[in-house]
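Peer 1: Provide a 3D model corresponding to the input given below.
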Amino acid sequence: SINHRIIGLLLFLAIPISLYLFQLSLASQAEFAAALMYLSSPWVKLALIILLWSFIHHLLAGFRFLLIDQNIGISLSAARKTAWFVVFAAVIVTLVISGVWIL
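Peer 2: All right, here's what the predicted structure looks like:
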């Protein structure tokens, strides 16, 4: 539950940066190139992957909490299993979407 709230805060704090980059990319062709150059940095790519993972984890945990609100999976063992499922599924979906393949 606390992770869900922390990740939600992280996503909320990323909104202004995302909007700035979006505005920069729409302003002109030169600023679009500048935004692409900024986004091609390895550190920015890592931050984007972390934000992608945060979004996916927040989404899956939100679905989990909706099920818990409906009294589905509220036993201790089921809650632990679904919590671990959310953690692993978020990592797998992030790797698939970002194009990172582990062989």
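
Peer 1: pLDDT wise, what is Lys45 at?
Peer 2: According to the prediction, Lys45 has pLDDT 90.

Peer 1: that one in helix, strand or coil?
Peer 2: Here Lys45 is helix, with the state taken from DSSP: H, G, I helix; E, B strand; the rest coil.

Peer 1: can you count the residues close to the spatially closest residue to it that is not a sequence neighbour?
Peer 2: What sits nearest to Lys45 in space, not counting adjacent residues and going by Cβ to Cβ, 6 or more residues apart in numbering, is Leu39, at 7.4 Å. The C-beta positions use only the backbone N, C-alpha and C, and glycine is treated the same way. Leu39: 13 surrounding residues under other Cβ atoms under 10 Å.

Peer 1: wait, Leu39 touches Ala47, no?
Peer 2: No: between Leu39 and Ala47 there is no contact, the gap being 9.9 Å when judged by Cβ atoms under 8 Å.

Peer 1: for this protein, which segments count as helices?
Peer 2: Remark: helices assigned in the chain by DSSP state H are 2-27, 29-39, 42-69, 76-98.
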